[in-house]
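K.L.:
here is my input; please provide its structure:
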Amino acid sequence: MKKLIPFIKGLLLLAFIVFLYGFSFTRNKAKNISSVEVSFTNGDNLFITHETVNKLLIQNHGEVKSQPKETIFLNKLENTLSSNEMVENAEVFLSVDGQLGVKVTQKTPIARVHQTDQTYYIDYNGGNMPLSSNYSARVPIVVGVTNSKASEELYALAKFIYEDDFLKKQVVGIEQTPKKEFVLKTRIGDQEIELGSLVNLEKKINKLKAFYQKTINDKTFEQYKKINLMYNNQVVCTKK
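P.N.:
Numbers count the residues shown, from 1 in each chain. Here you go, the predicted model:
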């Protein structure tokens, strides 16, 4: 009998721990959401605001705050937020004290397309993104697009410009021709850069950077209105 006493004590202790865990788990589920904390991974109040996030949750799931934690389905909240055209990704989680955390990653625009009947952004992943009344991104303005979705060539060029520090600062416009060739408009000098197709794009941009370096050094930069990069191993320019 004495040998069984430690075993019985162990069972009783285990049962007590299970009871406490179940009790605390039940009480925790019954607690209400105390607050909703919204944060943005890539800048506050740009294309979508804290108020918009809260409104999306309320419209689709009612007033989240003060709801019991057990009634909250996190994946449904994430799907609701991710379905917004300004949102790339959303994460929703609950803290021990009942706070609902919402972490939103907004889409990143890399170009703004102007058409006769619509205007929209191209985002970093190649999708369409609507304009926002809350914020306007400083990205190149694209003209000459006739389809409802940007071509692969236009997306590739816009992404290349976005990822290049020099081009990102200098290029303010992109014109797409019917042959899917491109002309760039510059911020400084108000020049047109005839890029042509995207064949040997990196080589063409390196020629452009070398040309800029030379003309800035000899102070002839402002003399040119067109810069043609379509010829091999040379830059052909038209003076103003």
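
K.L.:
for the rest of this, base every contact and every neighbour count on C-alpha atoms.
P.N.:
Noted.

K.L.:
quick check: Val53 touching Leu81?
P.N.:
Yes - counting by C-alpha atoms under 8 Å, Val53 does reach Leu81; the two are 7.2 Å apart.

K.L.:
more neighbours: those two, which one.
P.N.:
Counted by other C-alpha atoms under 10 Å, Val53 and Leu81 do not tie: Leu81 has more neighbours, with 26 against 17.

K.L.:
in terms of helix, strand or coil, where does that one fall?
P.N.:
For Leu81, the assignment made with DSSP: H, G, I helix; E, B strand; the rest coil gives helix.

K.L.:
okay, now the residue nearest to it when sequence neighbours are not counted: neighbour count?
P.N.:
Of all residues not flanking Leu81 in the chain, Ala90 sits nearest, at 6.2 Å (C-alpha to C-alpha, 6 or more residues apart in numbering). Ala90: 21 surrounding residues under other C-alpha under 10 Å.

K.L.:
tell me the secondary structure at Ala90.
P.N.:
Three-state assignment for Ala90 (three-state DSSP): strand.

K.L.:
so, low pLDDT: which residues of the protein?
P.N.:
Residues of the chain that meet the criterion pLDDT under 70 lie in 1-33, 44-45, 60-72.

K.L.:
please redo it, this time with the cut-off set to 50
P.N.:
Within the chain, the set of residues satisfying pLDDT under 50 comprises 16, 19-30.

K.L.:
domain parsing for the protein?
P.N.:
Per the record, the chain has its domains at 33-106, 109-239, by automatic domain parsing.

K.L.:
ok, the residue nearest to Leu81 - contacts?
P.N.:
78-79, 81-82, 102-105 (C-alpha atoms under 8 Å, 6 or more residues apart in numbering).

K.L.:
state the distance from it to Phe40.
P.N.:
With distances taken as C-alpha to C-alpha, to the nearest Å, Ala90 is found 9 Å from Phe40.

K.L.:
which neighbours do these two have in common?
P.N.:
103-105.

K.L.:
restricted to strands, list those.
P.N.:
Cross-referencing the shared contacts of Ala90 and Phe40 against strands under DSSP state E gives 103-105.

K.L.:
Ala150 contacts Asp123, doesn't it?
P.N.:
No - using C-alpha under 8 Å, Ala150 makes no contact with Asp123, being 10.4 Å away.
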